[in-house]
Structure formats: structure tokens, C-alpha cells
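J.: need coordinates for the following:
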Amino acid sequence: MITTINSNGICANIDSLGAQLSSIQNGEGTEYLWQPDPKYWAGQAPVLFPIVGALRDGKTEIEGNIYEMKRHGFARGMEFALVEQQENKAVYSLRANEETREKYPFDFELRIVYTVENGSLTNEYVVINHDNRPMPFVVGGHPAFLCPITEEESFEDYVVEFDQAETADCPAVNMKTGLIDFGNRRRVLDNEKTISLRHDLFYQDALIFDALKSRKVSLYSKRSGKGVEMEFPGFDYLGVWSAANDAPFVALEPWVGCATCEDEDNVMEHKRNMQVLQPGDTYSVAFTVTLR
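T.: Alright, predicted model coming up:
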């Protein structure tokens, strides 16, 4: 089921399957979000929970037992309940059930809150531990934006720009396993703010930024100025990704945690930046996308 929320200068559609964005347009009806095309990528803006990225062999150990999860977890493929709707706001909820417990043995609730106002969309993740024991998890976003937005432009007309000068050495991703090798890095920024886009930047998977000073990033055209700005306080990682088949989109991905790393074992609690939520507690983190 698709739900539409509106405010001055922005309109967003959300699909209850995965509680993911399916459209984000400005007041003139210009689409900014990638529209699925299996030729490149059938996704759009999946919600990543309770893991981000890949597990080693698709498995993790929780409380001494082995559980299997596909890349980015299971939330993206599940139907969420729409529990609140206003003109400019929609709230979705996923509660633990028999199917989720086979992959992740906790009594959780994941709420996704979308709010649009003043030309911006805020995407909040709320995680609630309804269980009687500590619950490990991470969460992240994966919205992909059209690049180019208009037919008159090309991918190479666009840049990714941080709000502060950065020196960034991005770790390598094993293309076969999806695991991250933090001991093998390549320099992407050298006291610079801007990355000029070209497709071969993504032939070895995502650019993963794990030590940014910036908490704001922009993706925009040098010709038209059109694009998006994302503010991501509370997220320690940012992935910048496009499919390795010269796809006409770029995903800006704020993550709380990341994929399993080459130097880690398979215990879920041992993964980098794993959050552990105590019984009855609530965790919240949000990012905001502004159209330009």
C-alpha cells in the first residue's frame, strides 16, 4: 500500500512493503528518488535492520545459536503497519513475529517515521526493545537518488560534496563476500570537500566513510544545481554507492553500523558499532533530506 504525505514544496510516497520511500518530488513535480529498473537495480530506499551490509556466509551467532540473514537484514522485505497518518507525516511499525524470530530471536518493534516540511523530508528510525534481555542491532538508510535528474545532464555533471574538508581513506569491500577490510584502504579525499562523480568509482562497491567530521553531504549537478542535501547526525558511517553497471543513480546511506569486517568473528555483539538496547528502552536516530 502506498501512502502520500505533502507539505509546501515537497511530496513523498511511502510503500508499506519495507516502509520505504518510493517517490520524493518537489512542488513542480520533479522526481528526485531513483525509480526501480532491474537492468540496474530493483531497489529504491530500503530500510536496513537489524544488520547493515553482509554477514560472513550469511550467518551470525546470537546467544550461542546460529541465525541466517540476507544482506541488510529482513525489515526491507516485510509488510509494515501504518499506525499514524497526517497530511505531512506517516508512521509505520514492524513488530517481532514468528517469521522474524527465526532470523533474530528478540521481541522488537521498529518504527519508521516520515515527516515532510519546508522542502525537507525527515526519516526517523525508532527501535524499541519489548524483550526481557539486552538486544543487539544496527539500523541504516539506503535512499538512492536520480543522477542525473534531467535528461539534459549526465552522471559526470554531478558531485558529492561534504560540508567540511575531509581526508578520507575508504576501506575495501570484498565483492564476493561483502565483507569490509579496514586494513586495506584507498585515499578518496585529501583535505577536500568534493568528489567529482564517475562510474568507475563504484566498480569495487560502495565508498565507505567511517571517520567523517561532516554531518552534512550534498549530491548535486554542477550545471543546474539540482540535487539533494542530507544531514545525518547520530550516524557514524556514510556509504556512497551506485551499482557497478554504470547505473544512473547514487545512494547516500547513513548507517549506525556496517557489514561484518574481515577482522571480526561471527558473534553479533562483536560487530563494529553494535548497539545494545536494554529491556524496555527505546533508541532513535534520524536523517533529513532537503531538495535543492
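
J.: which residue packs closest to the residue positioned nearest the centre of the chain, ignoring adjacent ones?
T.: With distances taken as C-alpha atoms, centre = their mean, residue 141 lies nearest the centre of the chain, 1.9 Å away. When the adjacent residues along the chain are set aside, residue 141 lies closest to residue 254, with 5.2 Å between them (C-beta to C-beta, 6 or more residues apart in numbering). C-betas here are computed from N, CA, C, even on glycine.

J.: give the next helix or strand downstream of the helix or strand where the one you found lies.
T.: Element membership of residue 254 [criterion: DSSP states H and E] is strand 249-255. The helix or strand immediately downstream of strand 249-255 is strand 275-277, counting by DSSP H and E.

J.: now the angle from the first helix or strand past that next one going along the chain to strand 249-255?
T.: The helix or strand immediately downstream of strand 275-277 is strand 282-291, counting by DSSP H and E. Per axes from the mean of the first three to the mean of the last three C-alpha atoms, to 10 degrees, the angle that strand 282-291 makes with strand 249-255 is 150 degrees.

J.: helices or strands up against strand 282-291?
T.: The helices and strands touching strand 282-291, judged by 3 or more C-beta pairs under 8 Å, 6 or more residues apart in numbering; DSSP states H and E, are strand 20-26, strand 120-129, strand 227-231.

J.: what does stretch 127-134 rub up against?
T.: 49, 95-96, 106-111, 135, 137, 139, 275-284 (C-beta atoms under 8 Å, 6 or more residues apart in numbering).

J.: can you pull the buried residues of it?
T.: Burial within stretch 127-134, assessed by neighbour count using 16 or more other C-beta atoms under 10 Å, is assigned to 127, 128, 129, 131.

J.: do stretch 179-191 as well
T.: Buried-residue list, stretch 179-191, by 16+ other C-beta under 10 Å: 179, 180, 182, 188, 189.

J.: and for stretch 67-84?
T.: 67, 69, 72, 73, 74, 75, 76, 78, 80.

J.: and the first one, what is it in contact with?
T.: It stands for residue 67. Contacts of residue 67 by C-beta under 8 Å, 6+ apart are 59, 60, 61, 102, 103, 104, 105.

J.: OK, contacts around the fifth one?
T.: When the contact criterion is C-beta under 8 Å, 6+ apart, the partners of residue 103 are 67, 68, 69, 74.

J.: now tabulate the residues you listed in CSV and tack on distance to residue 260 and pLDDT.
T.: Below are the contacts of residue 103 laid out as CSV (distance: C-beta to C-beta, whole Å; pLDDT from 0 to 100):
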residue, distance to residue 260, pLDDT
67, 13, 98
68, 13, 98
69, 11, 98
74, 16, 98
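
J.: narrow those to those in strands?
T.: Counting by DSSP state E, the contacts of residue 103 place 67, 68 in strands.

J.: would you reformat the contacts of residue 103 as TSV and include distance to residue 30?
T.: Formatted as TSV, the contacts of residue 103 follow (distance: C-beta to C-beta, whole Å):
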residue	distance to residue 30
67	43
68	41
69	36
74	33
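
J.: who's in contact with stretch 197-210?
T.: 147, 155-156, 158-160, 166, 168, 170-173, 175, 178, 180, 182, 188, 195, 236-244, 246-247, 250-251, 253, 258.

J.: quick check: buried residues in that stretch?
T.: Buried residues in stretch 197-210 (16+ other C-beta under 10 Å): 197, 201, 202, 205, 206, 207, 208, 209, 210.

J.: same check, this time on stretch 28-44
T.: 32, 33, 34, 40, 41, 43, 44.

J.: could those residues be laid out in TSV, adding secondary structure and distance to residue 267?
T.: Output for the buried residues of stretch 28-44, formatted as TSV (DSSP: H, G, I helix; E, B strand; the rest coil; distance: C-beta to C-beta, whole Å):
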residue	secondary structure	distance to residue 267
32	coil	39
33	strand	36
34	coil	35
40	coil	35
41	strand	31
43	coil	29
44	coil	32
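
J.: my guess is residue 57 is in a strand, correct?
T.: No. Under DSSP: H, G, I helix; E, B strand; the rest coil, residue 57 falls outside any strand and is assigned helix.

J.: any low-confidence regions in the stretch 1-150 of the chain?
T.: Confidence mapping of the stretch 1-150 of the chain against pLDDT under 70 gives zero matching residues.

J.: thinking again about what came up before, now the buried members of the contacts of stretch 197-210.
T.: For the contacts of stretch 197-210, buried by 16+ other C-beta under 10 Å: 147, 155, 158-160, 166, 168, 170-173, 178, 180, 182, 188, 195, 236-243, 247, 250-251, 253, 258.
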